[in-house]
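Engineer: Prediction below, plus the sequence it came from.
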Protein chains: 2
Amino acid sequence: MDSTNGSQTLEAQAKAFFDSAPPLQNTHQITQKLDHFIQHSSANGEARRIVCVTSGGTTAPLEQRCVRYVDNFSSGHRGATSTEYFLKAGYAVIFLYRRGSFQPFCRSLPDDPLVECFEPIDELNIQVREAYSEAVKRAIVDHHAAVAGGLLLKLPFNTVFEYLQMLQLIATSMRCLGPCAMFYLAAAVSDFYVPWKDMVEHKIQSGSHILDVQLVQVPKMLSILRKDWAPLAFCVSFKLETDSNILLNKAAAALEKYKMHAVVANELTTRKEHVVFVTSGDNIIVQRDKSHSGNDLENPLIELLSERHAAYIKDSNRQV
Amino acid sequence: MDSTNGSQTLEAQAKAFFDSAPPLQNTHQITQKLDHFIQHSSANGEARRIVCVTSGGTTAPLEQRCVRYVDNFSSGHRGATSTEYFLKAGYAVIFLYRRGSFQPFCRSLPDDPLVECFEPIDELNIQVREAYSEAVKRAIVDHHAAVAGGLLLKLPFNTVFEYLQMLQLIATSMRCLGPCAMFYLAAAVSDFYVPWKDMVEHKIQSGSHILDVQLVQVPKMLSILRKDWAPLAFCVSFKLETDSNILLNKAAAALEKYKMHAVVANELTTRKEHVVFVTSGDNIIVQRDKSHSGNDLENPLIELLSERHAAYIKDSNRQV
């Protein structure tokens, strides 16, 4: 798809994508969870701001009975960390995450926390290792408080088909929130996929010396999210590049093309130190405060976003 | 590579693969760990049998600064479970596993065990949830006993480059064990890769409508493992197919082609219920004992393997 394609073409592409996608499991339960979460969050007096944070990479299967797939690298660190700061800023968070990616409140823990953070006292009793004691306690207490308090709803995905179908469900459920809804799209979504119907059913055989995989572009759903799914919501997307020379231009182009309210531009190697917050009015460099250890870039980033979102809500209400 | 290729061609392919691979990090430390583990395990009176269990899927990067890669589906359940039964059968285990895949003693736990299995008592104290109490305790106590007892060495990988370089290191270190060494190759190794030097340095741009990825076949290292790396070791590989019609023929072909001592043939949907243990002498169907819950297919499978390996050691010693 090039930029000269009209919206009708994009919508046709989106229709083809969804028509070809394997149907999402448990659609009804997910919708019920979402509606309950949104109602509960909004019930406390004034309308609460709710953000949908997407996190981790999506996969594009190469076979229907999936053995091989193309994956995007993304630990989910940005999404998990941002979720913590959104909660701190008073948001309720719908956390749409890749299975196995970083979870909020757990990002300072090792890969296999159970066997790394605990040790046996004897044959029957276990304890937390001294070095992890505080981190483990905070993870469990804070995570539990957010979930039990109805402030954090976690929904997992694997494939790009699941991701986009769930994003649509979430956007539809969040429509009632108008401008109080935010989308913070930190997931690394596959740019290319193999249409389900074109996929071989069985495992690709390794008889030939060369495997030639042809993937087609995933429709740019950001446009559809803004236009159809959640026209009043405040939308923030991410641009990750490994080549800093093209980063800002690509971020500005995305802002314009998908009508985002902000684009966070980050470079692969420096993304935990600084990002550029790109809006139609200004480019702001957001930096991690290095004066204290344990300070995250997401702290000033979410503060800035929360301010801009508040101004956006005020503006929207003034117009009504 | 087709089957008419001579061994010289394969060796040239292997050389090209390793020459093109990014150098493995920490080679020296890994070798030290391996040598210490093997010496320690062999020191207890008679020579202990040591098995290298490989587990999980490997990735094939599509970009040097890796954002996208082709991945193989494999939870690592087979490798993790088998490791437990190998330990039970008296083996020491070198567990070469994909980061994030299932770990021995932890496979009955949920995806995010820390936040799922524990709960806060109050703001400062946590406890294991009743339902997970036994599973969590067993995981930590048994895992710790195996590692602290010098019976389990865990080495993680991500890419097919890391996997094959580490497998070579392990095989080289295990050579001193002669026939007491076993390779149990349960990892789902990429069949195709993009040679490092052919890879683009930066993220592939999504400007065009079609992405055409050309991958070349990963050299069949099983042959080289048997011939050069570990000529005396007992070698078991796996054949996973989604199409049961071709499974047994492919397993028999692999047995012959790579000179394996056994090939475990499994079909994607029934792989936890039954497999076929294929050797040059016989095909044995191995089934999970359904009379008790919690019985694993790996229980009879590892028992059978341990017997065959013992007979192989006896035979080898007789020939010397």
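Structural biologist: Sure thing, it's come through.
Engineer: which parts of stretch A:114-123 are buried?
Structural biologist: Within stretch A:114-123, the residues that count as buried by 16 or more other C-beta atoms under 10 Å in any protein chain shown are A:114-115, A:117-120. Using the backbone N, CA and C atoms, a C-beta is placed for each residue, glycine as well.
Engineer: likewise stretch A:230-239?
Structural biologist: Using 16+ other C-beta under 10 Å as the test for burial, stretch A:230-239 gives A:230, A:232-239.
Engineer: With respect to residue B:190, which of the buried residues of stretch A:114-123 is nearest?
Structural biologist: The closest of the buried residues of stretch A:114-123 to residue B:190 turns out to be residue A:115 (C-beta to C-beta; 27.3 Å).
Engineer: Report pLDDT for the closest one.
Structural biologist: What the model reports for residue A:115 is a pLDDT of 90.
Engineer: need the contact list for residue A:109.
Structural biologist: By C-beta atoms under 8 Å, 6 or more residues apart in numbering or on different chains, the contact set of residue A:109 is A:116-117, A:132, A:135-136, A:139, B:114.
Engineer: in a helix, that's where it is, yeah?
Structural biologist: No: per DSSP: H, G, I helix; E, B strand; the rest coil, residue A:109 lies outside any helix segment and is coil.
Engineer: What is the longest helix of chain A by residue count?
Structural biologist: Using DSSP state H to define each element, chain A has its longest helix at helix A:298-319.
Engineer: Residue A:312: neighbour count?
Structural biologist: Around residue A:312 there are 18 other residues, counting by other C-beta atoms under 10 Å in any protein chain shown.
Engineer: can you tell me which residues contact it?
Structural biologist: Applying C-beta under 8 Å, 6+ apart to residue A:312 gives the contacts A:179, A:234, A:261.
Engineer: now with 6 Å?
Structural biologist: Counting by C-beta atoms under 6 Å, 6 or more residues apart in numbering or on different chains, residue A:312 makes contact with residue A:234.
Engineer: so what pLDDT did it get?
Structural biologist: What the model reports as pLDDT for residue A:312 is 97.
Engineer: picking that back up, would you tell me which one of the contacts of residue A:109 comes nearest to residue B:252?
Structural biologist: Nearest to residue B:252 among the contacts of residue A:109 is residue A:116, at 42.0 Å by C-beta to C-beta.
Engineer: which element is that closest one on?
Structural biologist: Per DSSP states H and E: residue A:116 is located in helix A:113-117.
Engineer: Check which element follows that helix along the chain.
Structural biologist: Next in sequence after helix A:113-117, counting helices and strands by DSSP H and E, comes strand A:118-120.
Engineer: tell me what that next one is packed against?
Structural biologist: Packing contacts for strand A:118-120, counted by 3 or more C-beta pairs under 6 Å, 6 or more residues apart in numbering or on different chains; DSSP states H and E, involve strand A:126-128, helix B:133-148.
Engineer: With mean neighbour count added, can I get those in CSV?
Structural biologist: Compiled in CSV, these are given as follows (neighbours: other C-beta atoms under 10 Å in any protein chain shown):
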stretch, mean neighbour count
strand A:126-128, 15
helix B:133-148, 18
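Engineer: Now render the ones you listed as CSV, adding distance to residue B:24 and mean pLDDT.
Structural biologist: Output for the helices and strands packed on strand A:118-120, formatted as CSV (distance: least, C-beta to C-beta, whole Å; pLDDT from 0 to 100):
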stretch, distance to residue B:24, mean pLDDT
strand A:126-128, 33, 92
helix B:133-148, 23, 94
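Engineer: how about those, which one is nearest residue A:25?
Structural biologist: Ranking these by distance to residue A:25, with C-beta to C-beta as the measure, places helix B:133-148 first at 25.8 Å.
Engineer: Residue A:190 and residue B:209: what is the separation?
Structural biologist: 14 Å (C-beta to C-beta, to the nearest Å).
Engineer: what's around whatever residue of the stretch 51-200 of chain A ends up closest to chain B, how many residues?
Structural biologist: Residue of the stretch 51-200 of chain A nearest chain B, by C-beta to the nearest C-beta: residue A:191 (3.7 Å). Per other C-beta under 10 Å, the neighbour tally for residue A:191 reads 21.
Engineer: can you list contacts of the helix holding residue A:116?
Structural biologist: Helix A:113-117 is contacted from outside by A:110, A:129, A:132, A:136, B:113-114, B:139, B:143, using C-beta under 6 Å, 6+ apart.
Engineer: what about residue A:319, how many residues close to it?
Structural biologist: Number of residues near residue A:319 (other C-beta under 10 Å) recorded here: 7.
Engineer: on that earlier part again, JSON lines for the helices and strands packed on strand A:118-120, including distance to residue B:71?
Structural biologist: Output for the helices and strands packed on strand A:118-120, formatted as JSON lines (distance: least, C-beta to C-beta, whole Å):
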{"stretch": "strand A:126-128", "distance to residue B:71": "33"}
{"stretch": "helix B:133-148", "distance to residue B:71": "26"}
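Engineer: Looking at those, which is nearest to residue A:199?
Structural biologist: Judged by C-beta to C-beta, the one of the helices and strands packed on strand A:118-120 that comes nearest to residue A:199 is helix B:133-148, at 36.9 Å.
Engineer: If anything else comes up later, I'll come back, but that's it for now.
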